[in-house]
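K.L.:
Sequence first, then the predicted structure:
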Amino acid sequence: MNKLLAPLLVVLTLWSAGTSADEKQLFVYAPVATYALPIQVRSGHEYVGLLELLEPLGRVSSEASGRRWRIRFNAIDAEFIPGKTRAQVQGREADLTAPFLVENGRGFVSVASLGTLLPRFLGSAVSFHEGARRLFIGNVAIRPSFRLDADPQPHLVVNFGSSVNPTISTEPGRLRMVFKHDPVVGPENPSISFDSKIITEANFSEANGVAELDIAGSIPLIASFSNNARTITVSAAPTVANVSPGGATPPGTTGAPGTATTAAGNPVAQMGATPAPAAPTPPNAQQNVNRLLAVVDPAHGGDERGAALADALSEKDVTLGFGRLLRHELEIRGFSVLLLRDGDNTLALDQRAETANAAHAIVYVSLHAVSQGNGAGVYTALMPVAGQNNGTFRAWNSAQASSLSVSRMVESAVASELGKKQFQVREAAASLRPLNNVTMPAVAVELAPGPNGIADLTSASYQQKAAAAIADGINSVRDRLVAQP
Amino acid sequence: MIPRSLFITIAIMLVLVIALGFYFRQMRRQAYELEPAATAALPVTPPALGPTENVTLYVADDAAGQLRPQAAKIPLPSGRQQRAEELLRALLRICQQPGAGHPLSAASDIRSIYLVDPGVAVIDLNAAFADQHRSGIMVEQLTVNSLVETLAANVPGISRVSILVEGKPRETLAGHADLTQFFDVQTVGQVVSGQ
């Protein structure tokens, strides 16, 4: 029996590994959200769910009526017929590159059609890098510029114009920046040569939703972040003799031979991704580069729906969109963000706290939504503030205690910013897990309906306003958060 | 020859036995007829036996997002445990009235309260209480705070409160308020007074 089972298991394992490795995704970069969608292949064409694609961008609903599949995005109505390549958008015909599909009530359009179809819905420019499966909506693209300076030593200044959060890895003679969540696009010429013996070349490439910038050099290189992660400077790595015991590597520096890390030295901002090993920089430098990581936790997910906000609206769906917006708002304020859930997956409360704690972030924000009341509630853990130092080890159920005073500071700051944006705000303590298991300053924000009632909870502009206020609140106490022991 | 007096005595006793038999038969019939009506009139919760007392109930108000102390006169039994149960049932009745500021389902009930020394109260809610409770951080926390604060204010000596549902531990009340931990009366009190 075992002899029969063993080959079967091997085949299954290889098949599942191959499936995950070959999984195709479409990365969407929009002013309100950055997200990835799975791509389905049918009859040799790549397809993506239209409802799922539009959902983070505005109010959307769909219905199947007879043979027709209708979708309404904000005030735009469209009608598709399964098996046909012609659709109607606002009464005007639109051609698709492959027949429209409906599976389990979900409508799918060919990925190659998006470049022409989406502008009809969004009314804004759409740039689709089809080969790389990267879709840019509006003016979000970040195009880097390069400047090679010779003084005091040759170094390459790469200016992005907006904050970026690449994963950086180095090997002798090469420094690689991988942009998974940033809408970085290549320069006019994807390959640039420099008149330097130390930094010789920069090459840009993009594939399967990921952009990559390779800097070639004749010696080991390091990267340092400045200007709120808008600028990355690549220079020669200091030799061991040049590193002082106190940490001569500049704060914000990352990347040493054989290491992989993200902007500001943070782990990859995606659940399930392999955490990047810590760069072997001196302790002080390592602490500095970890300082600006925020953890955003869209509550519930997967089997756990959270509150039923309306007949077909679950709390888990609202928190996910809200979380993506908050990630964007924090990123444009110079924070790196670890979004604990970027899809409809189940995450245990302990798992959320463990991931947040392991990331050594400076702040944790749990996002909830509710159908009653109005405005927003900001909460901290319900527990006494720790009165004494408990040493290195902390009890799981009261791990938050030593950070509670700073959590309340964050709570006040976030509530104040929400108030400035006309949200009716409540502040309180709540016995809400995993707040008490988190070792860093932690708050929960519960978004309630606004003046338009329950519809506000799915409104991108309402969520955007709340996300911006939360990000402003966190940013206003940034110095206090960075000063955390 | 049977004496005349003995004959009369036996006759009287026979009449009495027959009369008593008839009387018992009637009594049984009456009891049988009354039984269904008596069952239907049984209250869900037996009425408290004891003198009426002035108590303070901490009633949740969703609109204000806080608890409001409300004076009430309710009959309370002398036993601490029964007293605690009656207090929370009185609190529940306020929230079950139409138009309540913090509505709870009509099927919600307190199954029992166990007072365990030193200073621990275990509130056992029925399943309907949790299953039909609205979901949300604030509404769930207000319910918890209201139960804890009302208990602590009227039953001296309680320092920690645990909440069970149908006699079993439960993760959350309705998806948010964590019920796996004890609620510290002092901490909840600080939250309530700080609101």
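P.N.:
Noted; the coordinates are in hand.

K.L.:
My guess is A:L54 contacts A:N74. True?
P.N.:
No: A:L54 is beyond contact range of A:N74, at 9.0 Å (criterion: C-beta atoms under 8 Å). Where C-beta positions appear, they are placed from N, C-alpha and C, glycine not excepted.

K.L.:
any residues in contact with both of those two?
P.N.:
A:V60 (C-beta atoms under 8 Å, 6 or more residues apart in numbering or on different chains).

K.L.:
So for these two, which sits in the more crowded spot?
P.N.:
For A:L54 versus A:N74, neighbours defined as other C-beta atoms under 10 Å in any protein chain shown are more numerous around A:L54 (23 against 15).

K.L.:
Domain map for the chain?
P.N.:
Picking chain A for this. Using automatic domain parsing, the domain parsing of chain A gives A:23-137, A:145-266, A:293-482.

K.L.:
hmm, I had chain B in mind actually
P.N.:
B:1-42, B:52-194.

K.L.:
is the last one up against chain A anywhere?
P.N.:
Same thing as domain B:52-194. Yes: contact of domain B:52-194 with chain A (C-beta under 8 Å from any C-beta of the partner chain) involves B:62-63, B:65, B:134-139, B:141, B:144, B:172, B:174-178, B:180-181, B:183-184, B:186-188, B:191.

K.L.:
Just the buried residues out of those, in ChimeraX syntax.
P.N.:
The buried residues among those can be selected in ChimeraX (16 or more other C-beta atoms under 10 Å in any protein chain shown) with this line:
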select /B:62,65,134,135,136,137,138,139,141,144,172,174,175,176,177,178,181,183,184,187,188,191
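
K.L.:
Which ones among the residues of domain B:52-194 next to chain A map onto helices?
P.N.:
Under the assignment DSSP state H, the residues of domain B:52-194 next to chain A contribute B:137-139, B:141, B:144, B:186-188, B:191 to helices.

K.L.:
Take those residues and write them to JSON lines, including pLDDT.
P.N.:
What follows is these, written out as JSON lines (pLDDT from 0 to 100):
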{"residue": "B:I137", "pLDDT": "95"}
{"residue": "B:M138", "pLDDT": "95"}
{"residue": "B:V139", "pLDDT": "95"}
{"residue": "B:Q141", "pLDDT": "96"}
{"residue": "B:V144", "pLDDT": "96"}
{"residue": "B:Q186", "pLDDT": "91"}
{"residue": "B:T187", "pLDDT": "91"}
{"residue": "B:V188", "pLDDT": "91"}
{"residue": "B:V191", "pLDDT": "84"}
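
K.L.:
which one among those gets closest to B:V17?
P.N.:
Closest approach to B:V17 among these (C-beta to C-beta): B:V144, at 65.9 Å.

K.L.:
Next up, the contacts around the closest one.
P.N.:
A:431, B:163, B:173, B:177, B:179, B:183, B:188.

K.L.:
Am I right that the second one falls within a strand?
P.N.:
This points to B:I163. Yes: membership of B:I163 in a strand is supported by DSSP: H, G, I helix; E, B strand; the rest coil.

K.L.:
secondary structure class for B:E53?
P.N.:
Reduced to three states by three-state DSSP, B:E53 is strand.

K.L.:
So what pairs up with it in the strands?
P.N.:
B:I74 (DSSP bridges).

K.L.:
Can you tell me how far it is from chain A?
P.N.:
According to C-beta to the nearest C-beta, to the nearest Å, B:E53 and chain A sit 30 Å apart.

K.L.:
Pretty sure A:R120 sits against A:R92.
P.N.:
Yes: contact criterion C-beta under 8 Å: A:R120 and A:R92 qualify, at 7.5 Å.

K.L.:
Between these two, which has more neighbouring residues?
P.N.:
A:R120 (16 against 9).

K.L.:
May I have the residues that are in contact with A:G107?
P.N.:
A:G107 neighbours (C-beta under 8 Å, 6+ apart): A:49-51, A:62, A:69, A:71, A:80, A:100-101.

K.L.:
so can I have CSV of those residues showing secondary structure and pLDDT?
P.N.:
Below are the contacts of A:G107 laid out as CSV (DSSP: H, G, I helix; E, B strand; the rest coil; pLDDT from 0 to 100):
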residue, secondary structure, pLDDT
A:G49, strand, 88
A:L50, helix, 90
A:L51, helix, 85
A:S62, strand, 84
A:W69, strand, 90
A:I71, strand, 90
A:F80, strand, 92
A:F100, coil, 93
A:L101, strand, 91
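
K.L.:
which among the residues you listed gets closest to chain B?
P.N.:
A:L51 (25.1 Å; C-beta to the nearest C-beta).

K.L.:
Could you list the residues of the stretch 201-350 of chain A in contact with chain B?
P.N.:
So the stretch 201-350 of chain A meets chain B at A:300, A:304, A:306-308, A:315 (C-beta under 8 Å from any C-beta).

K.L.:
Out of those residues, name the ones that lie in helices.
P.N.:
In helices, defined here by DSSP H, the members of those are A:E315.

K.L.:
which pair in the ones in helices among the residues of domain B:52-194 next to chain A spans the largest distance?
P.N.:
B:V139 and B:Q186 (23.4 Å).

K.L.:
Sketch out the helices for chain B, chain order is fine.
P.N.:
Using DSSP H, helices in chain B cover B:4-40, B:80-95, B:127-131, B:137-154, B:185-194.

K.L.:
So which of those has the densest surroundings on average?
P.N.:
Per residue and on average, the most neighbours among the helices of chain B fall to helix B:137-154, with a mean of 25 (mean count of other C-beta atoms under 10 Å in any protein chain shown).

K.L.:
Any regions of the chain where pLDDT drops low?
P.N.:
Going with chain A. Confidence mapping of chain A against pLDDT under 70 gives the ranges A:1-22, A:237-291, A:385-392, A:485.

K.L.:
Correction: the question concerned chain B.
P.N.:
B:1, B:31-49, B:195.

K.L.:
Quick check: which of the helices of chain B is nearest to A:Q372?
P.N.:
Closest among these, using C-beta to C-beta: helix B:137-154, at 6.4 Å.
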